[in-house]
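Okay, predicted coordinates and the sequence, questions at the end:
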Amino acid sequence: MSERPIRILIAKVGLDGHDRGAKVVAAALRDAGMEVVYTGLRKTPAVVVRAALEEDVDAIGVSILSGAHNTVLPRIREALDAEGMTDVILLAGGTIPEADARGLLDAGTVDHVFTPGAPLAGIVDTLKESVYARRAAA
């Protein structure tokens, strides 16, 4: 019996209208055998978490280019926690300054941050390792 494929929700939150990077990452994850759900543009944190709950995902990847990462990502984490979805891995990607990325990681808001230029293979490998580790711990 094989394990079910990794399911990830890729989201664009807020007013950010640029989704090329999110679509490139989504394609790489699909090519790696993962099931990918894309929310489309301009979603709220509540909509993202509701979709993640309905889709029974292992992870959420949020692409942010607007600079709203320190507002949006904590709201998503809080909503995940409120729904009891503490096992869902939260990844952030986009133009997030290093100091902000470190703060989000140190606070436990996100599990991983990928900035522009991150190798797609590295994103795939990191997600696989994180999901398999969470599944093994459950």
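Right, received. Where do you want to start?

beta partners of the spatially closest residue to residue 105 that is not a sequence neighbour?
Leaving aside its chain neighbours, residue 105 sits nearest to residue 113 (6.4 Å; criterion: Cβ to Cβ, 6 or more residues apart in numbering). For the C-beta atoms, the positions are set from N, CA and C on the backbone; glycine is no exception. According to DSSP bridges, the residues that bridge with residue 113 are residue 92.

What count of nearby residues applies to residue 113?
21 (other Cβ atoms under 10 Å).

so who does it touch?
Going by Cβ atoms under 8 Å, 6 or more residues apart in numbering, residue 113 touches 91-93, 96, 101, 104-105.

which of those are buried?
If you count burial by 16 or more other Cβ atoms under 10 Å, the buried members of these come out as 91-93, 96, 101, 104.

can you put those residues in CSV and add distance to residue 48 and pLDDT?
CSV is the format used below for those (distance: Cβ to Cβ, whole Å; pLDDT from 0 to 100):
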residue, distance to residue 48, pLDDT
91, 12, 98
92, 12, 97
93, 14, 95
96, 17, 95
101, 19, 97
104, 16, 98
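
got TSV for those residues, with distance to residue 21 too?
As requested, the buried ones among the contacts of residue 113 are exported to TSV (distance: Cβ to Cβ, whole Å):
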residue	distance to residue 21
91	13
92	12
93	7
96	12
101	16
104	18
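
Nearest spatial neighbour of residue 42, chain-adjacent residues omitted?
Excluding the flanking residues, the one nearest residue 42 by Cβ to Cβ, 6+ apart is residue 15, at 6.3 Å.

Would you check that that neighbour makes contact with residue 65?
No - judged on Cβ atoms under 8 Å, residue 15 makes no contact with residue 65 at a distance of 10.3 Å.

so how far is residue 33 from residue 40?
23 Å (Cβ to Cβ, to the nearest Å).
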